[in-house]
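[1] what's the 3D shape of this:
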Amino acid sequence: MNININILEAKAEILRAAAHPLRLAILLLLQKEKECTVSQIYKTLQIEQAVASHHLRILKTHQLVVLRKSGKNAFYSLNQATAKALLKAIDKI
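    Numbers count the residues shown, from 1 in each chain. Take a look at the predicted model:
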């Protein structure tokens, strides 16, 4: 069995990024709603705007969400390749 430690480390980083309860809640919200603004996210989850932005930045850095800007609005959605596979795996547990 070939084990590539670099690939394993990259996957572990993605898991660590998603492991926080608020970040997982954001991912599940985006899975349900398909696309949300920061305002929609923090209001739905009843958290501060700065907290939502902090966690979204971490999710974006680890390529779990993607950002689309339209004028002054920023819309977040799941990164189809990364986040959907992760959420499917979580659902099976």
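[2] Asn79: what's it in contact with?
    Gln63, Leu64, Val65, Val66 (CB atoms under 8 Å, 6 or more residues apart in numbering). For every residue, glycine as well, the C-beta is placed using N, CA and C.
[3] was I right about the second one contacting Leu86?
    Yes. The pair Leu64 / Leu86 is scored as a contact, 7.1 Å apart, by CB atoms under 8 Å.
[4] Which neighbours do these two have in common?
    Joint contacts of Leu64 and Leu86 (CB under 8 Å, 6+ apart) are Ile14, Ala18, Leu27.
[5] out of those, who's nearest Ala81?
    Closest to Ala81 out of the shared contacts of Leu64 and Leu86 is Ile14 (11.0 Å), distances taken as CB to CB.
[6] Where does the closest one fall, secondary structure wise?
    helix 5-18 (DSSP states H and E).
[7] Return the set of buried residues in that helix.
    For helix 5-18, burial by neighbour count (16 or more other CB atoms under 10 Å) applies to Ile14, Ala17, Ala18.
[8] Look at Leu64 and Leu86 and report which has more neighbours.
    Leu64 (25 against 20; other CB atoms under 10 Å).
[9] what about Gln80, neighbour count?
    Residues within reach of Gln80, counting by other CB under 10 Å, total 9.
[10] brain fart, Glu33
    14.
[11] next one: Leu30
    Using other CB under 10 Å: Leu30 sits among 24 other residues.
[12] Hmm, Leu78 and it touching each other?
    Yes. Using CB under 8 Å, Leu30 is in contact with Leu78, at 4.9 Å.
[13] what's the overlap in contacts for those two?
    Counting by CB under 8 Å, 6+ apart, the residues touching both Leu30 and Leu78 are Val65.
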